Every structure is written in structure tokens, then in C-alpha cells.
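# how would this look folded up:
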Amino acid sequence: MKSFHFYYDDIFFDTNIKRVGKEMPKNSTALIQVFAHRNCRSHISGLCGKLKTVFKDALIIGSTSDGEFIGSNVTIDQTVVAITVFENSHLELVSENFETGDDYYELGKNLVAASHPRAKVFICFATAVNFNAEEFLSGIDSVLDCETVSGGIAAGESPLVFDHASIYAEGAVGVLIYNKDLRVQTFSKSGWVPVGKGMKITKAEKNRVYTIDNKPAIEMYKYYLGEGVTHLLHRIGIEFPLINKKTKKARALLNINGDGSIYFGGNFAPGDRVFFGYGSQELFLENHSSPPPHMVQNCFETIFVYSCIARRKLMPDSVYREIEPYTQLAPVGGFFTHGEFFTKNKKHLFLNQTMSVLAMSEAPCESSNIPLKGRYYDTIDNIDYYHTQKALMHLIKRDSQEIEELNKNLEKRVKEKLRELREKDALLLQQSKLASLGEMIGNIAHQWRQPLNVIGALHMWIEAKMYEKGFLDKTDYKDINETVNEQLEYMSNTIDDFRGLVKNGEITKRFNLTKAVQNVIKLLQSDFKRYGITILLQGDDIYCVGNSSNFKHVVINILNNAKDAICSHSEHKQNYILISVGGRDDQVHMEIQDTGGGIDEAIKEKIFDPYFSTKFRNKGTGIGLYMSYKIINTQFNGSISAKNTRFDHRGTTFKGANFKITITS
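Below is the predicted model of the structure:
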């Protein structure tokens with residue numbers, strides 16, 4: 001294996017590639033990678049045609065770039081041609097055109113579907129609007145068993161990828177390398193650190209993030225980076241990645257949508273904890289003046305570096321320093337990408353914001369004894385500036401860690417407090433239900449009095465008949481039997497209604513709100529009639545979702561308060577409670593209007609407060625309306641309010657309280 005790197009604009013380019021072509025061993029194969037600074041199709045086509053003239057059997061793949069390099073010489077206005085001559089490997093070219101909106105998993109699968117299923121290395125370049133590289137890699141993995149995947153996403157304005165025959169604005173090209181004895185090593189370096197407060201992804205679909213902390217994703221960028229830079233995010237967003245706390249991966253911003261959502265270079269899931277990432281020259285270059293030990297200990301014949309454009313933009317004058325160590329090991333070529341394909345522990349990954357390295361050799365491993373340069377800060381001019389920047393990075397990192405720790409402790413305390421409040425609310429709800437239980441039992445006793453009287457009277461009549469005749473004829477027996485069964489059924493239904501009211505549990509389901517109110521009225525109407533109160537219900541069947549038992553409890557609380565107000569303040573002999581229900585599937589409303597004279601203006605704002613009551617201590621607990629408010633707000637996503645009104649009913653003008661409940665489903 002041999003590697004050669006040339007600039008297309010070099011006046012000796014034609015001479016150099018012809019020399020390489022003549023010196024190629026028989027039965028060898030050339031892989032040519034082109035890193036083009038221009039997205040000019042004629043420029044690319046002309047170059048590929050020239051290369052094919054010299055290297056007829058060569059496999060050519062290329063990408064536009066945002067900077068390219070030969071060795072550690074970084075340029076932004078050149079086209080680099082990297083020629084690798086393989087003597088003992090088989091190479092296969094693959095390519096696929098994309099369409100906007102395609103399934104990237106299927107595209108990855110289709111790209112290599114016709115290839116041999118086992119390969120040593122796959123070098124791939126791809127590009128597309130809002131490209132989902134993770135789905136793309138998953139598709140490749142579904143059909144291809146490959147030890148190492150490398151390459152990256154095309155960069156530059158209007159990026160392109162290409163082979164010798166086709167140029168794609170949305171597509172992928174790649175070369176599969178088959179050789180079980182090929183020696184391969186990879187390495188990647190990030191250097192980004194999380195800063196600031198942690199945030200939570202609250203809505204996302206793959207690599208499209210809709211909301212962060214329940215706010216539009218773009219609003220979070222505006223809030224933390226300022227309104228002034230948000231219109232530039234499509235250009236500089238790659239310098240402000242989101243770091244996933246769990247995976248430690250930094251994800252670059254790709255595109256901003258009209259609805260405020262953002263496409264990123266990798267997938268996020270709801271619940272992911274993320275931070276803004278911060279990168280600097282000092283972070284990128286620290287401890288990186290020497291290649292990693294596993295590369296130093298082996299000899300390689302070629303090295304390719306695919307590095308994120310954010311690294312070049314953040315250290316334009318020093319980016320060569322992180323490439324330079326690898327030039328001590330083998331010829332180096334590469335370009336600055338919009339995302340990098342990488343393999344770690346046999347797992348294929350898509351990275352953003354990193355520098356990834358691919359080293360290969362067909363020759364057997366020989367012991368390496370290459371003298372290596374010293375540390376990065378031994379080579380810089382202003383050592384004081386370096387240490388100042390390093391101290392600043394350390395300060396930012398520590399502050400961010402402390403903020404995150406404070407947030408963790410705060411979240412823990414909030415969760416504990418919420419748990420305590422929920423337990424307290426559950427106890428209050430139970431207390432409120434028990435407080436009305438006595439009244440309900442009284443209602444049942446009152447409702448049972450009449451059927452029991454009827455049954456008692458029938459018993460006396462039977463005794464009289466038996467005394468008179470000594471027997472009952474069939475007609476009398478049938479009438480008595482039907483009457484007793486009717487009374488018993490009435491009593492049984494009363495118990496069923498009561499059981500449904502006091503039944504515990506947190507069952508949430510769709511129920512008929514109108515029928516729930518009717519059940520409450522059946523339980524209460526007998527008692528209310530004793531006080532000259534008639535309950536009238538108006539409205540069609542309306543449905544909502546929630547705990548029907550708790551909703552009935554709310555209605556009972558309001559009706560009992562209305563009865564107490566009427567008994568205490570009404571000047572009318574005949575009083576009414578008017579209930580109306582209505583609404584649509586997405587919003588239900590109910591109004592309860594009484595004739596009890598209304599609520600004192602001095603206390604109207606306090607009636608939903610806990611433990612507030614105008615009754616004597618032995619008459620009320622002050623938690624009924626409070627729990628009604630909590631139930632409607634928290635369990636039904638609704639609202640409850642009260643006001644005083646005057647209204648006419650059956651020729652009489654009444655004044656009373658009007659409770660309005662609105663439930664949004």
C-alpha cells in the first residue's frame with residue numbers, strides 16, 4: 001500500500017498523477033478520494049474525467065469540503081486528491097441518490113444491499129437536507145457486517161458528494177475494502193465541554209427537536225445565545241452544539257424550521273438531558289501533540305482524518321496542530337466535514353464536532369520507533385496566555401458542574417415536596433369524602449324510610465288478612481309480592497349509587513358527565529325536598545375523561561354548600577338549584593345556580609382556600625370547596641369559579657351563587 005496526495009491546482013498535478021499511474025504495481029487497485037473546496041459540477045466532472053484517463057480501473061469518491069489538508073497543511077481554497085494504491089485488497093464502489101423526505105434507514109440499507117455482506121472497511125461520504133446519519137448507519141448495519149466505517153458528511157455551501165460518474169446534491173458514495181489481513185486503527189477526539197444549566201428534551205422525533213423544557217427549541221437558543229445571533233444560527237449553529245449527557249455526544253445544528261423546531265446532526269429522545277457545548281483551542285489541543293499510544297506502537301501506510309468544520313472555525317490559525325502529530329506516522333490527507341462516521345468497540349457511530357482518524361496498512365506490523373514531539377504547550381509562543389485560557393476553561397467546567405449539582409439537589413427536593421403535597425391532598429380528599437359521608441348516610445336513611453314504611457304497612461295488612469281469613473288468595477299475594485320487590489329494588493339501587501360515590505381508586509376513563517350528575521341528584525333529592533329545595537338538571541349527554549367518583553364528590557360539595565346557603569339566607573318558601581351541562585368533545589362546561597342569596601363579597605375570593613369556612617366548627621371542615629378546586633384543576637385539567645347572579649325562574653326573581661366548571665379534554 002502506498003499513498004499520494006496532490007493539489008489539483010498545482011501546475012505539476014498532471015505530471016504527478018501520471019507518474020503514480022506508471023509506478024502502480026500490476027494487479028493493484030487505486031482508491032482516489034477527492035476533497036473539493038468548490039461545489040462547481042464542471043470543476044468536479046473535469047477532475048474525475050482526468051483521473052479516469054490515468055487510472056482507468058480506479059474507484060473515485062469525493063465530497064465538497066469546508067477546508068482540506070495534505071499533511072498538516074490546511075487550506076480552504078484547494079481541491080485535494082488523495083490516491084491510495086492497494087496491492088492485496090479488493091475494492092467495491094457503491095452509490096445511491098436520495099430524495100428529500102426519504103427514509104434514511106432504507107437508503108443506508110439500499111446503498112450496500114447488493115454488496116458482499118462482510119467487509120473490512122467502508123469509507124462513505126453523504127449529504128442531504130436534514131440528513132439523519134444515525135438512521136442511515138442503522139440501515140447499513142442491517143445488511144453489512146463491516147469492521148470499520150469511516151468518512152463523513154459533505155460540507156461547504158450547497159454540499160455535494162460524487163463518484164467518477166455521478167454528482168449528488170442528496171446522496172451517498174462509498175468504497176468497501178475487502179482484506180481480512182488489512183490492519184486498521186481508529187481514533188476520535190472531541191474536547192467539547194458542557195456548560196450552563198442542564199435542559200430536558202420534551203418533544204423530539206429522531207433528529208428533529210421540537211421543544212426543550214417545553215419551549216420551542218429555537219426559543220432556547222434565543223434565550224441563552226441572544227436574539228442578535230439567532231438569525232445567524234444556520235451558519236454558526238455548528239459552533240454551539242447540544243451535548244447529550246447520557247451519550248456524551250455533541251450534536252450540531254443542521255437546520256431551523258418555521259415552527260421553531262430544529263434539525264440536529266443526531267437523534268434525540270424525549271427525556272434526554274442536554275447542555276450547550278463549549279469548545280476552544282486549548283480544549284481541542286490539550287494532550288494532543290502526540291498520537292494515541294495504540295497508533296504509535298504500530299506502523300501504518302496511510303492515514304485519513306475527517307474533522308468537523310467547527311474545529312477549524314474555532315481555531316483557524318492552530319487547527320493544523322491537532323493533525324500534525326499523525327504526520328509523524330504516515331502520509332495524511334483529509335477534509336473538514338459536517339459530521340463524522342466512526343467505529344468504536346465494533347459499534348458504528350455518527351459523531352459531530354469531533355476529529356476522527358482512520359489508519360490503514362496492508363504490510364505486517366513492525367515495531368515503531370518514531371521520535372515524537374513534546375506537549376502542545378511546549379510549542380506555543382505565549383505560555384502565559386495558554387495557562388490563563390486553561391484556568392478559564394477549568395473555571396467554566398467547575399461552575400457548570402456546580403450548577404448541575406445544584407439543579408439535581410433542587411429537583412430532588414421539589415420531587416420530595418410534590419410527593420408530600422400529593423400525600424397531603426390524598427388525605428384531604430379522603431377527609432372531605434368522610435366529612436360528607438355522614439350526610440349521605442342520613443340521606444339514605446331518609447330515602448329508605450318510605451319503602452320501609454310501605455313494607456311495614458303491608459306486613460300489618462297481611463297479619464289482618466291472616467287473622468280474618470287464615471290465608472291469602474293468589475291475587476293479594478301477587479300484588480304484595482310486586483310491591484315489596486319494587487321497594488327492595490329501590491333500596492338496593494340507593495346502595496349501589498352510594499357505593500359508586502364513595503368507592504376509592506384512581507380509575508381514569510371516559511364517563512357520561514350528565515348521568516354522573518343525575519346519580520348525585522338521586523341520592524340528594526329526597527333530603528333536599530325536606531327543605532323545600534328542588535334540583536333541576538338541563539342538558540344532553542356530555543362525556544369527559546377522568547375519575548367519575550371524584551367528579552361526583554365535587555358536585556356533592558357544591559350542592560351541599562348551596563343547600564346550607566339556602567337554609568340560612570333564602571327568603572323564599574320554594575327554592576331551586578338549577579344545573580346545566582353542555583359543550584363539545586374538547587371542552588365541557590357545567591353551571592350550578594342556587595337561590596341562596598349569593599356569597600358575601602368580603603369572602604368571595606377565599607372560598608376555595610383550604611380550611612376556610614363560614615359555618616360553625618361542628619358544621620363544616622373548610623376543605624370541601626378547596627378539594628373541589630384541586631380535583632377540577634389537577635385531575636380534569638379544568639377550572640372552577642364562582643360569582644353572584646340575579647335570575648328569574650317561574651315568575652320569581654332570585655339571587656344566588658353561580659358555580660361554573662369548565663373541563664378541557
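
# From here on, just use CA atoms for contacts and neighbour counts.
Fine.

# quick check, Gly156 in a strand?
No - counting by DSSP: H, G, I helix; E, B strand; the rest coil, one finds Gly156 to be coil, located in no strand.

# Can you list the low-confidence ranges for the stretch 251-400 of the chain?
286-290, 294, 366-390, 392-397 (pLDDT under 70).

# residue ranges for the helices of it, please.
281-285, 293-296, 309-314, 320-323, 383-469 (DSSP state H, counting those that start in this stretch).

# next one: the stretch 551-665 of the chain
Counting by DSSP H, counting those that start in this stretch, the stretch 551-665 of the chain has helices at residues 624-630.

# Which residue ranges of it form strands?
575-583, 587-594, 638-649, 652-664 (DSSP state E, counting those that start in this stretch).

# between these, which gets nearest to Glu23?
Closest of the strands of the stretch 551-665 of the chain to Glu23 is strand 652-664, at 78.4 Å (criterion: C-alpha to C-alpha).

# what angle do that closest one and strand 575-583 make?
Interaxial angle, strand 652-664 versus strand 575-583 (axes from the mean of the first three to the mean of the last three C-alpha atoms, to 10 degrees): 30 degrees.

# orientation of strand 652-664 relative to strand 638-649 in degrees?
Our comparison of strand 652-664 with strand 638-649, counting by the same axes, to 10 degrees, yields an angle of 160 degrees.

# residues in contact with strand 652-664?
Strand 652-664 is contacted by residues 544, 558, 562, 586-599, 632, 636-648 when judged by C-alpha atoms under 8 Å, 6 or more residues apart in numbering.

# For Ser28, which non-adjacent residue is closest in space?
With sequence-adjacent residues excluded and distances taken as C-alpha to C-alpha, 6 or more residues apart in numbering, Ser28 is closest to Glu87, at 4.4 Å.

# swap in Glu147?
The shortest distance from Glu147 to any residue that is not its chain neighbour, by C-alpha to C-alpha, 6+ apart, is 5.1 Å, and that residue is Lys120.

# Give me the number of neighbouring residues for the one you found.
The local packing count at Lys120 equals 19, with neighbours defined by other C-alpha atoms under 10 Å.

# Next up, the contacts around it.
Listed by C-alpha under 8 Å, 6+ apart, the contact partners of Lys120 are 146-148, 176-180, 182.

# Buried members of those into ChimeraX, please.
ChimeraX command restricting the contacts of Lys120 to the buried ones, with burial defined by 16 or more other C-alpha atoms under 10 Å:
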select :146,147,148,176,177,178,179,182
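
# How about the secondary structure of His116?
Quick answer, by three-state DSSP: His116 is coil.

# Count the residues that sit near it.
Counted with other C-alpha under 10 Å, the burial measure for His116 works out to 13 neighbours.

# Kindly give the local confidence score, pLDDT, for the residue nearest to Ser28.
As summarised for this prediction, Glu87 has a pLDDT of 95.

# what's the burial count for it?
So Glu87, with other C-alpha under 10 Å, has 17 neighbours.

# What does it show for phi and psi?
With angles defined as degrees, to the nearest 10, Glu87 shows backbone torsions of phi -100, psi -30.

# which ones are touching it?
Going by C-alpha under 8 Å, 6+ apart, the list of residues near Glu87 reads 1, 25, 27-29, 362.

# Please apply the same query to Tyr210.
202-204, 216-217, 260-262.

# if we go to 6 Å?
When contacts are counted by C-alpha atoms under 6 Å, 6 or more residues apart in numbering, Tyr210 touches 203-204, 216-217, 261.

# Just those residues: which are in strands?
For the contacts of Tyr210, the ones inside strands are 203-204, 216, with DSSP state E as the criterion.

# and which of the residues you listed is nearest to Gly191?
Within those, distances to Gly191 taken as C-alpha to C-alpha reach their minimum at Ala204, with 26.2 Å.

# Could you tell me the model confidence score at that closest one?
For Ala204, the pLDDT comes out at 95.

# Roughly how far does it sit from Ala217?
With distances taken as C-alpha to C-alpha, to the nearest Å, Ala204 is found 10 Å from Ala217.

# Cool, thanks, signing off.
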